[in-house]
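1. How does the following fold in three dimensions:
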Amino acid sequence: MKKYKLYGDSRSGNCYKAALIMRLTGQPFEWVETDLMAQATRRKEFLALNPNGKVPLLQFPDGRCLAESNAMLLHLSRNSEWFAQDEWQQALNWQWLFFEQYSHEPYIAVARFIALFLKQETEQAERLIMLRERGHQALAVMESTLGTFKFLTGDNPTVADIALYAYTHVAHEGGFDLRGYPAIRNWMGTLEAQEGWMAMAEACS
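-> Below is the predicted model of the structure:
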């Protein structure tokens, strides 16, 4: 039986999202390691699949390809408990998915990339100050919500939680101290205790 192929870099939070939802929903796939630092997404054969030259990239058994991690979360979860059934919760899911891509990932993930992979703390010190300031603003928004609700959209975990967990749980690698966010730390522990949950290295393999 033909399976999905998931092209991704196992160090990437965005790729982790797609792999994790497939693991949680029992959808078999072949992981294709695609090294961002080696410019693997800029090669001719990869660009033929995704002209945007980014991972994750999900290739369906029939050859069609879907890009963008949050689109994958919504598509792959639609017949599972991770897809909110209530219309208002669905709207909140979309809200958090847009928040993650516009107010969270561009700061927390980029700070991590500069500090951990480029190792340019000194060279990009001024930029990191801005990224960390904006990242803390995003974490404060999450902390406020999670101080009231168990999960981002209410009592049950959804793809919104997966999306925000992906880079929040490695935020310390970008210089973010999460000790001042007790609700976020409790939320992460609750997610990690969910049946079938996998760490990044395990899911992306």
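2. per-domain residue ranges of the protein.
-> Following automatic domain parsing, one gets these domains for the chain: 4-81+199-203, 87-192.
3. now the ones you listed as JSON lines including mean pLDDT?
-> Output for those, formatted as JSON lines (pLDDT from 0 to 100):
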{"stretch": "domain 4-81+199-203", "mean pLDDT": "97"}
{"stretch": "domain 87-192", "mean pLDDT": "98"}
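4. buried sites along the lengthiest helix in the chain?
-> In the chain, assigned by DSSP state H, the helix with the most residues is helix 125-146. For helix 125-146, a neighbour-count test (16 or more other C-beta atoms under 10 Å) marks 128, 131-132, 134-136, 138-139, 142-143, 145-146 as buried. Backbone N, C-alpha and C define where each C-beta goes, glycine included.
5. from those, which single one is nearest residue 86?
-> The shortest approach to residue 86 among these belongs to residue 145, at 16.7 Å (C-beta to C-beta).
6. where's the closest one relative to residue 45, distance?
-> 42 Å (C-beta to C-beta, to the nearest Å).
7. repeat for residue 64
-> Relative to residue 45, and taking C-beta to C-beta, residue 64 is found at 17 Å.
8. Identify the residues contacting the one helix or strand residue 201 maps to?
-> Using DSSP states H and E, the element containing residue 201 is helix 200-203. Applying C-beta atoms under 8 Å, 6 or more residues apart in numbering, the external contacts of helix 200-203 come out as 10-11, 13, 16, 19-20, 23, 170.
9. Go through the residues you listed and single out the one with the most neighbours.
-> residue 16 (27 neighbours; other C-beta atoms under 10 Å).
10. That one and residue 77: what is the separation?
-> 15 Å.
11. And for residue 143?
-> For residue 143 relative to residue 77 (C-beta to C-beta), the value is 25 Å.
12. what do you get for residue 22?
-> For residue 22, the distance to residue 77 - C-beta to C-beta - is 10 Å.
13. One more: residue 99?
-> Distance from residue 99 to residue 77, by C-beta to C-beta: 18 Å.
14. Neighbour count: those two, which is higher?
-> The neighbour comparison of residue 99 against residue 77 (other C-beta under 10 Å) goes to residue 77, with 21 against 18.
15. which residues of the chain fall in strands?
-> Taking DSSP state E, the strands of the chain run over residues 4-8, 29-33, 57-59, 65-67.
16. Make a markdown table out of these and add distance to residue 155.
-> Shown next, in a markdown table, are the strands of the chain (distance: least, C-beta to C-beta, whole Å):
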| stretch | distance to residue 155 |
| --- | --- |
| strand 4-8 | 30 |
| strand 29-33 | 30 |
| strand 57-59 | 29 |
| strand 65-67 | 30 |
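17. Which among those is found nearest to residue 176?
-> Comparing the strands of the chain under C-beta to C-beta, the one sitting nearest is strand 4-8, at 23.1 Å.
18. surely residue 111 meets residue 131?
-> Yes - using C-beta atoms under 8 Å, residue 111 is in contact with residue 131, at 4.2 Å.
19. list residues touching both of these two?
-> Taking C-beta under 8 Å, 6+ apart as the contact rule, residue 111 and residue 131 both touch residue 174.
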